[in-house]
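# The sequence isn't on hand, but the structure is:
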């Protein structure tokens, strides 16, 4: 093959490593892994230029199963390692794999800062609302009343909202999906197209310790409870079979969102909002809608790029070193020096 031969497009199979995939049978992580492997060829990625970085948890086995470079790091610190990788080699495509405990508990500080800095990477937070690897303790996202070995009478903690946290930290891309959703690959493609820190919360079923906690909107019979957001399109959900098409409208008196009926498909007359991915205020409202009273908002909730951290650092370094010859000895001798007598 000569230099003029265009690289051949990969297939999902090319992204499968030779390692045995070892998650519990029925775990939602299998579906996420397959979705990512299907996404890689679509975005034109190459294994030699792709890096997966994980922390600790069931989700953090992920790098072993991708035929790419990878780091299985320490609890909560994947963003720090990923930042170093990206700054050392900005050409690499960096993906962070984390869980609700890894990212929002011990790693909350690191998650906050990578979003605030806006490193150009994709952050996939697998949220199963439980600590699976350490045998089922409640996590920062567990619902009030969750019974676990560490909360035998039910958790009294108010759960963290992962996407609300991301928006509060200054994230410029925030999305949601769930493990077996057919829209997950498209959500990953959109995240990769964003230049900056792209945060994707993926609801993931833990078959052993928190089975079917998301069944209220993930089960096929409950898909009328899914609000899949598309930029420029009205916020509609439900169907005639599920009791009629409904939509999300703005309550102008309370400045909150509300559910409205959409008779005869006339969503404009019903006052349904058209999704604008650059509207940060509406994005905040969407991620904090109470499920049950509202559907679960899924897809790209917010996407409004700004200059990313690694590009700005690179420009700064290039400017500072322009016209200069590296001299380590001169650098070491700069400033106050002294000689210690024998």
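Cool, got the structure. Because the structure is predicted, anything quoted here is derived from the model rather than measured.

# how many other residues sit next to residue 318?
As a burial measure, residue 318 scores 9 neighbours (other Cβ atoms under 10 Å). Bear in mind the C-beta positions are built from the backbone N, C-alpha and C, glycine included.

# in the helix or strand hosting it, what's buried?
Assessed by DSSP states H and E, residue 318 sits inside helix 309-321. Buried residues in helix 309-321, counted by 16 or more other Cβ atoms under 10 Å: 309, 310, 311, 313.

# And stretch 79-96, by the same measure?
79, 80, 81, 82, 83, 85, 86, 92, 93, 94, 95, 96.

# Now do the same contact list for the third one.
Residues in contact with residue 81, defined by Cβ atoms under 8 Å, 6 or more residues apart in numbering, are 53, 71, 73.

# how much space between it and residue 139?
22 Å (Cβ to Cβ, to the nearest Å).

# From the contacts of residue 81, pick the one nearest residue 220.
residue 53 (34.0 Å; Cβ to Cβ).

# if we take the contacts of residue 81, which one ends up nearest to residue 121?
Comparing the contacts of residue 81 against residue 121 with Cβ to Cβ picks out residue 53 as the nearest, at 8.5 Å.

# so that closest one bridges to which residues?
According to DSSP bridges, the partner residues bridging residue 53 are residue 71, residue 96.

# How about the contacts made by it?
63, 70, 71, 73, 78, 81, 82, 85, 94, 95, 96, 97.

# so what pLDDT did it get?
pLDDT, residue 53: 98.

# ok, residues contacting the host helix or strand of residue 36?
Assigned by DSSP H and E, residue 36 belongs to helix 29-42. The contact list for helix 29-42 (Cβ under 8 Å, 6+ apart) reads 9-12, 14-16, 21, 23, 50, 58-59, 61-62, 65-66, 95, 124, 126, 179-180, 184-185, 188-189, 192, 202, 204.

# and that helix, which residues are buried?
29, 30, 31, 32, 33, 34, 35, 36, 37, 39, 40, 41.

# Kindly reformat these as TSV containing pLDDT and distance to residue 300.
What follows is the buried residues of helix 29-42, written out as TSV (pLDDT from 0 to 100; distance: Cβ to Cβ, whole Å):
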residue	pLDDT	distance to residue 300
29	98	22
30	98	24
31	98	20
32	98	17
33	98	22
34	98	21
35	98	16
36	98	17
37	98	21
39	97	15
40	97	19
41	97	21
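
# Which residue ranges of this protein form strands?
With strands called from DSSP state E, the chain shows them at 50-54, 69-72, 93-99, 121-127, 173-178, 197-203, 226-229, 236-237, 246-251, 256-261, 296-303.

# These: which one's closest to residue 218?
Short answer: strand 173-178, nearest of the strands of the chain by Cβ to Cβ, at 5.1 Å.
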